[in-house]
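Chemist: the amino acid sequence is not available; the structure is as follows:
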């Protein structure tokens, strides 16, 4: 297990694994075996610390990821303490994605692969506090205490060594998961949730000794409070499931099914466009848009899912506008209104990616309103200077913009480079802007962008995995000096 955890290179898993291993050793082993196991564990921890210290890349990665997490936690705490009411009651279930962008530190974009991660603060307690307030945190504490009490009481009263070992393993797994969730988003992944549910089921089943009515030895009587807390694990889990299914799950399921049907209709539309069958393509596009509307109506609350649905709906409208030349302006205006309504009503949900103004600019361009598009590019790039798509949008459609915008975008790009000097798309778009003014001065920037792009030094968002990055790299490759090309 430890080999798999180490190979994952997940720092939170390392910490959680250590937290789970120590109680497991203390609870399961005794005497000499315990001392040997603790010695081996301490030695392994020391070797891991030395590996991190002397391996430059891993040490830098650890430092960078902790720096980004600290920025997220500062922003989340600012969200929590916005007012006494939010401190006590939170902003509401599912609200973090909508509210956090107002408090996200700008320098979070120093790492492009982290910049879009605004849906979770990488700390489960802070996330819960921001949405449910102090009451949610207190309930979490009561639940955690009930689980701990159940594990301790079951270990004390269970006579079967296998029962005690399974119970200790389940408790250690839950402890590891909780610690991991303090620095990561483990609890938001379905496979981890299933593992937690299995561990909770084992704790609920083994967290108390055999009863006299079952023919077993009742052992030493358990304190009444411990029994109540142990039973509370089961009652809390049942209450959470009832509340989840009763208030949201059915609506979420209907919304998901509608979104799936919309995706299928969109795929049909693109297929018909490729075949030149515009009548069938129009019908499929209209079906996709109306089905996305159905998915939004079915959703029980506004959050990450609905934002993705709104973005998908916008993409369909823009593709529809490109394919249907007779209705391009009307469809682009519809796309513009759909994003403009969300951005204003919900205090800028799409700003979590810094893309709200970009969507509006692209829709305005498609509708033929260059001055409005220029205003959105100017405003959006000023708010998020490290968001390269603003400059890329200008480069692709620059002939439609009024004079002076290019210089302002170039200044904003320079600010972005101070934040993220090694971001391939940002360096590339800044180089493209510079090439419009002075080709000679832009040559070093183009060479640098080509170096970053060819080396794929952008981690998860690699050139190979992102079509827009490939297109950007091809553009840079065509303009870069011949000596810098491979």
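Modeler: That came through, no problem. Owing to the predicted nature of the structure, the values given are computational and were not obtained by experimental measurement.
Chemist: pull out the buried residues from stretch 171-190.
Modeler: Buried residues in stretch 171-190, counted by 16 or more other Cβ atoms under 10 Å: 171-181, 183-187. For the C-beta atoms, the positions are set from N, CA and C on the backbone; glycine is no exception.
Chemist: ugh, wrong one, I meant stretch 288-298
Modeler: Those buried within stretch 288-298 under the rule 16+ other Cβ under 10 Å are 288, 289, 291, 292, 294, 295, 296, 298.
Chemist: swap in stretch 386-399?
Modeler: 386, 387, 388, 389, 390, 391, 392, 393, 394, 395, 397.
Chemist: distance between the ends of that stretch?
Modeler: 23 Å (Cα to Cα, to the nearest Å).
Chemist: can you redo the buried residues of stretch 386-399 as TSV with secondary structure?
Modeler: As requested, the buried residues of stretch 386-399 are arranged in TSV below (DSSP: H, G, I helix; E, B strand; the rest coil):
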residue	secondary structure
386	coil
387	coil
388	coil
389	helix
390	helix
391	helix
392	helix
393	helix
394	helix
395	helix
397	coil
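Chemist: return the member of these nearest to residue 421.
Modeler: Set against residue 421, the nearest of the buried residues of stretch 386-399 by Cβ to Cβ is residue 386 (10.2 Å).
Chemist: ok, the closest one touching residue 423?
Modeler: Yes - between residue 386 and residue 423 there is a contact at 6.9 Å, judged by Cβ atoms under 8 Å.
Chemist: on that earlier part again, filter the buried residues of stretch 288-298 down to the ones in helices?
Modeler: 288, 289, 291, 292, 294, 295, 296, 298 (DSSP state H).
Chemist: leaving out sequence neighbours, find the closest residue to the second one.
Modeler: Here the nearest residue to residue 289 in space, its sequence neighbours aside, is residue 316; by Cβ to Cβ, 6 or more residues apart in numbering that works out to 5.7 Å.
Chemist: with residue 150 instead?
Modeler: residue 207 (3.0 Å).
Chemist: so residue 472 touches residue 450, yeah?
Modeler: No - assessed by Cβ under 8 Å, residue 472 is found out of contact with residue 450, at 10.8 Å.
Chemist: remind me which residues of the stretch 1-150 of the chain are low pLDDT?
Modeler: Applying pLDDT under 70 to the stretch 1-150 of the chain flags residues 1-35, 37-65, 98, 101, 104-119.
Chemist: try it again with 80
Modeler: 1-69, 71, 92-120 (pLDDT under 80).
Chemist: and the stretch 201-350 of the chain, by the same measure?
Modeler: 205, 207-253, 299-308, 340-350.
Chemist: go again using 70 as the cut-off
Modeler: 208-249, 300-305, 342-350.
Chemist: how about the helices of it, start to end?
Modeler: All helices of the stretch 201-350 of the chain, identified by DSSP state H, counting those that start in this stretch, fall at 224-244, 250-275, 278-298, 304-323, 328-345.
Chemist: pull out the buried positions in the last one.
Modeler: Of the residues in helix 328-345, those scored as buried under the neighbour-count criterion (16+ other Cβ under 10 Å) are 328, 331, 332, 333, 334, 335, 336, 338, 339, 340, 342, 343.
Chemist: cool, and the fourth one?
Modeler: Burial within helix 304-323, assessed by neighbour count using 16+ other Cβ under 10 Å, is assigned to 304-307, 309-314, 316-321, 323.
Chemist: can you check the longest one too?
Modeler: Of the residues in helix 250-275, those buried under the neighbour-count criterion (16+ other Cβ under 10 Å) are 252, 254-255, 258-259, 261-263, 265-266, 268-270, 272-273.
Chemist: same question, stretch 72-80
Modeler: Buried residues in stretch 72-80 (16+ other Cβ under 10 Å): 72, 75, 76, 77, 79, 80.
Chemist: about what we covered before: closest to residue 366 out of the buried residues of helix 328-345?
Modeler: Of all those, residue 332 has the smallest distance to residue 366: 3.6 Å, by Cβ to Cβ.
Chemist: surely the closest one meets residue 360?
Modeler: No - between residue 332 and residue 360 there is no contact under Cβ under 8 Å: 10.7 Å.
Chemist: contacts only, for residue 391.
Modeler: Listed by Cβ atoms under 8 Å, 6 or more residues apart in numbering, the contact set of residue 391 reads 381, 409, 413, 426, 429, 430, 432, 433.
Chemist: ok, now how distant is the fourth one from residue 381?
Modeler: Pointing back at residue 426 there. 11 Å (Cβ to Cβ, to the nearest Å).
Chemist: same question, the fifth one
Modeler: Per Cβ to Cβ, residue 429 is found 10 Å from residue 381.
Chemist: same check, this time on residue 311
Modeler: Look at residue 311 and residue 381: by Cβ to Cβ, they are 20 Å apart.
Chemist: run through the neighbouring helices and strands of the lengthiest helix in the chain.
Modeler: Secondary structure of the chain per DSSP H: the longest helix is helix 124-157. Counting contacts by 3 or more Cβ pairs under 8 Å, 6 or more residues apart in numbering; DSSP states H and E, helix 124-157 is packed against helix 56-80, helix 84-89, helix 96-99, helix 161-181, helix 190-206, helix 224-244.
Chemist: how about 6 Å then?
Modeler: Packing partners of helix 124-157 (3 or more Cβ pairs under 6 Å, 6 or more residues apart in numbering; DSSP states H and E): helix 56-80, helix 84-89, helix 161-181, helix 190-206, helix 224-244.
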